[in-house]
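> sequence plus predicted model, see below.
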Amino acid sequence: MIKVSVVGAKGRMGSYVVEAVNNAADTQLALALDAGDDLTRIAPDNTDVVVEFTVPSVSLNNVLTLIGQGVDVVVGTTGWTDEKLAQVKEAIAGGPKPETQKVFIAPNFAISAVLADYFTTKAARYFESAEVIELHHPTKVDAPSGTAIHTAHGIAEARKAAGMAPVPDATETDGGSRGQVVDGIHVHAVRLRGLNAHEEVLFGNAGEQLTIRADSFDRTSFMPGVLLAVRKLATDAPAGLTIGLDHFLDL
Ligand SMILES: NC(=O)C1=CN([C@@H]2O[C@H](COP(=O)(O)OP(=O)(O)OC[C@H]3O[C@@H](n4cnc5c(N)ncnc54)[C@H](O)[C@@H]3O)[C@@H](O)[C@H]2O)C=CC1
Ligand SMILES: O=C(O)C1=N[C@H](C(=O)O)C[C@H](O)C1
């Protein structure tokens with residue numbers, strides 16, 4: 001049995017994780033903690049893997065604390081920047097188990113979103129124009145979504161590797177309607193009651209368009225990915241920091 005503790009256990013995602021861990025045959029719930037709880041209660045003697053779904057403003061501190069506790073961590077919270085990731089790597093190197101510590105961060109655990117991202121990186125070099133639209137429930141605190149930022153970076157990287165020019169755009173006046181520019185790619189965020197988590201990547205050439213869309217209609221869509229990550233960390237995932245569920249899929 002893999003002993004799993006959940007941080008952010010009372011949240012929308014955390015409560016689904018608690019249920020998924022309770023229902024899986026090979027996992028058992030250790031501690032379910034939320035805001036105000038002492039994370040140092042989580043330790044190797046009671047926990048094999050921690051799952052962290054909280055809010056971007058606290059996630060880094062939680063992860064640093066858990067590394068200090070010597071437990072492996074699966075993180076679904078968004079808001080990660082290069083600077084924050086560098087702090088995680090530093091903490092692993094200076095932590096209690098620098099050779100074996102595992103931290104896994106995924107912007108999205110839904111297979112539809114991971115595959116959409118994968119197909120997007122394959123398509124990116126064939127199209128002159130690319131824009132990302134993410135659409136979410138109105139209770140989401142961050143915009144654009146972590147997934148959309150990850151997608152935009154993937155598109156930019158593929159375009160750079162192919163030696164492509166910047167996306168064409170003659171806009172001279174912009175009151176914010178062109179979205180946030182992430183690595184040269186425009187990202188638009190919609191917040192609408194009734195939505196859960198959705199993303200569309202629009203690619204364009206003269207006379208043609210490709211749209212890649214992923215829809216998570218329900219939070220159950222994230223649970224197989226979360227459990228896969230937990231199982232990988234408990235077995236053969238590499239030590240150190242790994243980012244993206246694609247690393248655990250045979251793509
Ligand atoms: N990677 C993925 O596949 C997915 C990622 N997310 C991300 O997960 C995060 C959480 O999303 P939701 O569950 O919808 O948010 P939520 O607001 O429903 O839940 C957050 C929970 O964290 C708790 N919390 C706040 N501060 C804390 C602290 N210092 N220590 C422990 N717990 C604390 C809150 O009390 C709350 O229960 C967001 O960043 C969201 O973007 C959401 C869905 C899927
Ligand atoms: O807050 C959410 O709901 C989601 N957050 C993640 C993100 O910001 O990309 C993943 C998914 O889109 C749902």
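All right, it came through fine. On a predicted model such as this, the values are computed, not experimentally measured, just so you know. Ligands and ions are numbered 1, 2, ... in the order given.

> so stretch 52-62, near ligand 1 or not?
Yes: counting by C-beta under 6 Å from any ligand atom, ligand 1 has neighbours in stretch 52-62: Phe53, Thr54, Val55, Pro56, Val58, Asn62. Placement of C-beta: from N, CA and C, glycine included.

> quick one: buried residues of that stretch?
Glu52, Phe53, Thr54, Ser59, Leu60, Asn62 (16 or more other C-beta atoms under 10 Å).

> could you do stretch 234-243 as well?
Ala234, Ala237, Gly240, Leu241, Thr242, Ile243.

> closest one of the residues of stretch 52-62 next to ligand 1 to Val167?
Nearest to Val167 among the residues of stretch 52-62 next to ligand 1 is Pro56, at 27.3 Å by C-beta to C-beta.

> domains in the protein, by residue range?
For the chain, the structural domains run 1-107+218-246, 109-214, going by the TED database.

> ranking the ones you listed by burial, who's on top?
With neighbours taken as mean count of other C-beta atoms under 10 Å, those reach their highest mean count in domain 1-107+218-246, at a mean of 18.

> quick check: closest non-adjacent residue to Gly95.
In space, and not counting its chain neighbours, Gly95 is closest to Ile67: 4.6 Å by C-beta to C-beta, 6 or more residues apart in numbering.

> in what helix or strand does that neighbour lie?
Assessed by DSSP states H and E, Ile67 sits inside helix 56-68.

> tell me if the helix or strand following that helix is near ligand 1.
Later in the chain than helix 56-68, the nearest helix or strand by DSSP H and E is strand 72-75. No: legend: contact between strand 72-75 and ligand 1 by C-beta under 6 Å from any ligand atom is lacking; minimum distance shown is 8.0 Å.

> ranges for the helices of the chain?
With DSSP state H, the ranges of helices along the chain come out as 12-23, 56-68, 82-94, 111-123, 146-161, 223-234.

> which of those helices sits closest to Leu135?
Counting by C-beta to C-beta, Leu135 lies closest to helix 146-161 out of the helices of the chain; the figure is 9.8 Å.

> distance between that closest one and the chain's centre?
In terms of C-alpha atoms, centre = their mean, to the nearest Å, the centre of helix 146-161 is set 14 Å apart from its chain centre.

> that helix close to ligand 2?
Yes: Helix 146-161 reaches ligand 2 (C-beta under 6 Å from any ligand atom) through Gly146, Thr147.

> quick one: contacts of that helix?
78-80, 107-108, 113, 116-117, 120-122, 124-125, 130, 132, 134, 182-185, 187, 189, 197, 199, 201, 244 (C-beta atoms under 8 Å, 6 or more residues apart in numbering).
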